[in-house]
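Asks: here is a sequence together with a model predicted from it:
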Amino acid sequence: MAGDDTLAKALADVRQRRADLQADYERLTTELNKLRTAEKSLAAIVEGGALDEAGPVGLDPAGEVSVRTRRVTGRGSRGPRANSAKGRLKALLEETGPQGLSHAEIEQRLPDVAPNTLNTYLSMMVTGGEAVRRGDFYVAAPSPRDEAGAEDAGDATGAEERNESGD
């Protein structure tokens, strides 16, 4: 009889350990998938590549590797979303006009954006030509339409000056 009790306790112990390990396994798999997704996203930002169409790679309940595909809903050529940190930063720089904003002013106006995230986005935007750094101030880069309009205005001004001088 004592042997049956010992075996029952051993079985209960093994089941508990298996349940604990299964919970740890699921937690680690979830964390690993999050890290893989973050790595892909950061690599796409830093290296300038596109995100893969495949979703995170993970293990299915049977323990086999699976790739979960998802519908690609990337922003493409439309740029950042208006409610994203980068979208709000870009809009803020566009609103400021030619004077721009200092880094401290940007931090004050976007208090919910982490300083490292803000630094990264500003650096990326300057490198990518979306923003211009003038000393300690950042301004939105002129759009191609703005530049074309400025050139047309310059040509018109030059023509007016020639007409006034009798040319």
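Replies: Great, that's in hand.

Asks: give the helix, strand or coil label for residue 132.
Replies: strand (DSSP: H, G, I helix; E, B strand; the rest coil).

Asks: per-residue confidence at it?
Replies: What the model reports for residue 132 is a pLDDT of 90.

Asks: show me the contacts for it.
Replies: 100, 126, 138, 139, 140, 141 (Cβ atoms under 8 Å, 6 or more residues apart in numbering). Yep, even glycine has a C-beta here, placed from its N, CA and C like the rest.

Asks: now the buried members of these.
Replies: Buried residues within the contacts of residue 132, counting neighbours by 16 or more other Cβ atoms under 10 Å: 100, 138, 139, 140, 141.

Asks: surely the second one forms part of a strand?
Replies: It stands for residue 138. Yes - with three-state DSSP as the criterion, residue 138 is assigned to a strand.

Asks: from residue 119, how far out is residue 89?
Replies: Separation of residue 89 from residue 119 (Cβ to Cβ, to the nearest Å) stands at 11 Å.

Asks: no no, residue 85
Replies: 12 Å.

Asks: more neighbours, residue 89 and residue 119?
Replies: Higher neighbour count among residue 89 and residue 119: residue 89, with 25 against 13, using other Cβ atoms under 10 Å.

Asks: pretty sure the more buried one contacts residue 103?
Replies: No - between residue 89 and residue 103 no contact is recorded; they are 11.4 Å apart, counting by Cβ atoms under 8 Å.

Asks: what does stretch 95-102 rub up against?
Replies: With Cβ under 8 Å, 6+ apart as the contact definition, stretch 95-102 has outside contacts at 92, 93, 109, 132, 134, 136, 137, 138, 139, 140.

Asks: one more pass at 10 Å, please.
Replies: Contacting residues not belonging to stretch 95-102 are listed as 89, 92-93, 105-109, 131-140, 142 [Cβ atoms under 10 Å, 6 or more residues apart in numbering].

Asks: shared neighbours of residue 89 and residue 119, anything?
Replies: Residues touching both residue 89 and residue 119 (Cβ under 10 Å, 6+ apart): residue 113.

Asks: nice, that's everything, thank you.
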